[in-house]
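1. need a 3D model of the following:
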Amino acid sequence: MEKMKAEKSVSTIEHSFIHAPTFALCLLLPFIPFACKCLRIVNCLKNSSLTFRLFPMSIALRNFEETDVEASHALLTAQVGNELVSSDYLQIDTLRQFMVMDTVFGLVAEEAGKIEGVVTVMMEQETTETVVGLLSRLSVLDTHERPSIAASLVSTALQSLEGNLQFCFAEIPALELWAQGACEQSGFVACGFLPQKFQGATRYGAMVYTFLSENARKARRPHPEIIPGVKDLASEVLKANGMIEDVEVREDVVAYATECPYTFTHIEPDAVATMMQNQALQQSETFQHLQGTQTRLHLPAVGTTYMVAMDGDRVIGLIGYRMDTFDKRVQITEVLTFEGEPQGFLIASLFDALTTQFTPDYWEVLVSAHAPRMQKTFDQIGFVPCAYLPSFGMEQGARSDAIKMVKLNTSYETESAELTSVGKNMFSIIDTIFREHSVGGAVLKLLRDLRIFRGLGEGELRRVARLFSQKLFRPSEAIFEEGSESRELYVVERGEIEIRLKAGDKLLGTIRNGAVLGEIAFLNGEPRTARAVSKSATIVRVINRSDFDRLIQREMHLGLIFFKNVALDLVEKLKQSNVQATKK
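-> Got it, this is the predicted structure:
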């Protein structure tokens, strides 16, 4: 459709409310090209009145114009930090290119010709009838009026887009208390916290907020199926949104296999477009809209890079991603399959390839809350749920919830964030998840190299590792006695341990770093058949069977893999023992 032209006008707020038809007209005219282009909707405003928080009557709200780019650039420069200011991302020409796009709706707050604040909403066509949005930029001069101006900009933008916008979300830096307050006053609901997402002098996190239209609430797809690690977060967010806590926790779900005999290779975007026209796709389990942005300014990324899984000469699946080189961040935008189940292979292969080539600090993906196998697969690779977004995107004719999952390639440290009371509660939930997920690299490597844990993903391995405690033994100190009863499994982290029989103090063998002992008593609770004594100063990691049982009650697949591996390990040890006995 040919782009319509419209004159832009200015409306000044003279009271705490404004006459709706006049203000509606000034907001509507610049938005008509987008509305006609996307939805053929002319009437963007339905409210009979628009209300605002009080601030000086001389401040006016009006639509953003191209002539406002320089003033907006000055606001952003004062707000975002030196690292971003000195980069190419905050050049005026770059900013102008993105702020005047047809799919960006913007408002400015102005006083006596001087711009005091700017808000922009980046919109994306979801279906022929629905649009979703991202509150991409909120910049306000640092004065005592900043909180009220910010709240008025955000609430007015949302009301201006009412009728079109089904869903809007925002990622507000943890450093900006005033912006968090503006979102909360405007009807946004906290739904997560993204630790260390943005790059500055140090990495810092962001609060995640969602705003749902009434239509989006009504169209929500019920009964999401989620993995156990998402439950507390999902329940908190659904409760905050006044929704039924109807999640179904899937404890028995199995991840997609990551080790497959496929080839992983690059493919050009044009070839992807052709392929998707000619081949039938299975149902996608990830969301890609509004997921390709760069920096905290949410500038659109240039394009998506695609990799494919090949079975012989056939393409059986593809994965798309975008890189933010400033924040050292990778966003996985889509994981699609044409045949079979190459999803796990694609995700694991991409992670291995980019970790080697690009060394990103931060990974993120939006997974459907109705795709527990995909959630489990990302969990296996070390992703952690950080946000739960109700009614996020269309699936099977309804709006499905989404889970933003994050993987940090840097060590997690609790941030000293400046948050609202609502934000502090959400931060506490995510901080707990990460602290429970965090295990020392040395411990993780120790367990990963053991045969009894072979086949467990990183997420599962981390949960097992948290159950291990550390014990120190002096030379000649007993670790356990022959005939003693305990259901503990030991892994030697450093040192040497002698296994001896009480009768004649006969030496059966010596075990060293990385070895496992105590498997039989761990399995069946029978008394120890020999004595274990440290030969030198020794460090061991110990896990108790009762703690392990509580874990595998929630994750039965983990238990099946572990006990199978233990059985095979014992068989191998028995074979070696028989060989040694024959030689003697």
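2. only C-alpha atoms from now on, for both contacts and neighbour counts.
-> Will do.
3. Val308 should be in a strand, yeah?
-> Yes - per DSSP: H, G, I helix; E, B strand; the rest coil, Val308 lies within a strand segment.
4. quick check: which ranges of the stretch 51-200 of the chain have low pLDDT?
-> 51-57 (pLDDT under 70).
5. averaged pLDDT, stretch 516-533. What do you get?
-> Stretch 516-533 shows a mean pLDDT of 90.
6. and the closest residue to Val132 other than its chain neighbours, how far from Val365?
-> Nearest residue to Val132 in three dimensions, chain neighbours excluded: Phe167, at 5.0 Å (Cα to Cα, 6 or more residues apart in numbering). Computed as Cα to Cα, to the nearest Å, the Phe167 to Val365 distance reads 18 Å.
7. now swap in Gly192 and tell me
-> Separation of Gly192 from Val365 (Cα to Cα): 14 Å.
8. more neighbours: which of these two?
-> Comparing Gly192 with Val365 by other Cα atoms under 10 Å, the one with more neighbours is Gly192, at 30 against 25.
9. right, and the more buried one touches Cys386 too?
-> Yes - between Gly192 and Cys386 there is a contact under Cα atoms under 8 Å: 5.5 Å.
10. between these two, what contacts are shared?
-> 233, 430 (Cα atoms under 8 Å, 6 or more residues apart in numbering).
11. mind checking the SS state of the most centrally placed residue in the chain?
-> For the chain, the residue nearest the mean C-alpha position is Met405 (2.4 Å; Cα atoms, centre = their mean). Local secondary structure at Met405 is given as strand here, using three-state DSSP.
12. what about the closest residue to it other than its chain neighbours, helix or strand, and which?
-> The shortest distance from Met405 to any non-neighbouring residue, by Cα to Cα, 6+ apart, is to Pro385 (4.3 Å). Taking DSSP states H and E as the definition, one finds Pro385 inside strand 384-395.
13. output that strand as CSV, nothing but the C-alphas.
-> Output in CSV follows, covering the C-alpha atoms of strand 384-395 (Å, rounded to 0.1, in the frame of the first residue of the first chain):
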residue,chain,number,x,y,z
VAL,A,384,18.3,-20.7,33.0
PRO,A,385,14.7,-19.4,33.0
CYS,A,386,14.8,-15.6,33.7
ALA,A,387,11.4,-14.3,32.5
TYR,A,388,7.9,-15.7,32.0
LEU,A,389,5.8,-13.8,29.5
PRO,A,390,2.1,-14.6,29.5
SER,A,391,0.2,-14.5,26.2
PHE,A,392,3.4,-13.6,24.3
GLY,A,393,2.8,-15.1,20.8
MET,A,394,0.4,-16.9,18.5
GLU,A,395,0.5,-20.7,18.4
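14. what's in contact with it?
-> Contact with strand 384-395 is made by 126, 167, 191-194, 208, 210, 212, 216-217, 219-221, 229-230, 233-234, 237-238, 287, 399-407, 430, 433-434, 437, as judged by Cα under 8 Å, 6+ apart.
15. can you pull out the low-pLDDT segments for the stretch 451-584 of the chain?
-> For the stretch 451-584 of the chain, the stretches flagged by pLDDT under 70 are 577-584.
16. can you pull out the helices in it?
-> With helices called from DSSP state H, counting those that start in this stretch, the stretch 451-584 of the chain shows them at 458-465, 519-524, 545-554, 556-583.
17. pull out the buried residues from the shortest one.
-> Spelled out, it's helix 519-524. Neighbour counts over helix 519-524 (16 or more other Cα atoms under 10 Å) mark 519-522 as buried.
18. residues in contact with that helix?
-> Contacts for helix 519-524 (Cα under 8 Å, 6+ apart): 485-489, 526-528, 544-545, 566.
19. are any of the residues you listed buried, and which?
-> Among the contacts of helix 519-524, those classed as buried by 16+ other Cα under 10 Å are 486-489, 527-528, 544-545, 566.
20. picking up where we left off before, most neighbours per residue, which of the helices of the stretch 451-584 of the chain?
-> Highest mean neighbour count of those: helix 458-465, a mean of 20 (counted as mean count of other Cα atoms under 10 Å).
21. mind checking how far that one is from the chain centre?
-> In this view, helix 458-465 has its centroid 18 Å away from the chain centroid, taken as Cα atoms, centre = their mean, to the nearest Å.
22. elements contacting that helix?
-> Secondary-structure packing of helix 458-465 (3 or more Cα pairs under 8 Å, 6 or more residues apart in numbering; DSSP states H and E): helix 372-381, helix 421-437, helix 441-448.
23. where do the strands sit along the stretch 1-150 of the chain?
-> Shown for the stretch 1-150 of the chain, the strands assigned by DSSP state E, counting those that start in this stretch span residues 10-12, 17-19, 49-51, 59-63, 104-111, 114-125, 131-140.
24. could you dump those to CSV with mean neighbour count and distance to Thr414?
-> Output for these, formatted as CSV (neighbours: other Cα atoms under 10 Å; distance: least, Cα to Cα, whole Å):
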stretch, mean neighbour count, distance to Thr414
strand 10-12, 16, 44
strand 17-19, 15, 42
strand 49-51, 16, 39
strand 59-63, 22, 39
strand 104-111, 22, 35
strand 114-125, 22, 30
strand 131-140, 24, 26
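25. for those strands, give me TSV that also has distance to Leu508.
-> Below are these laid out as TSV (distance: least, Cα to Cα, whole Å):
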stretch	distance to Leu508
strand 10-12	90
strand 17-19	87
strand 49-51	83
strand 59-63	83
strand 104-111	74
strand 114-125	69
strand 131-140	66
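26. which residues of the stretch 151-300 of the chain fall in helices?
-> Along the stretch 151-300 of the chain, the stretches classed as helices by DSSP H, counting those that start in this stretch are 177-185, 214-218, 231-240, 269-278.
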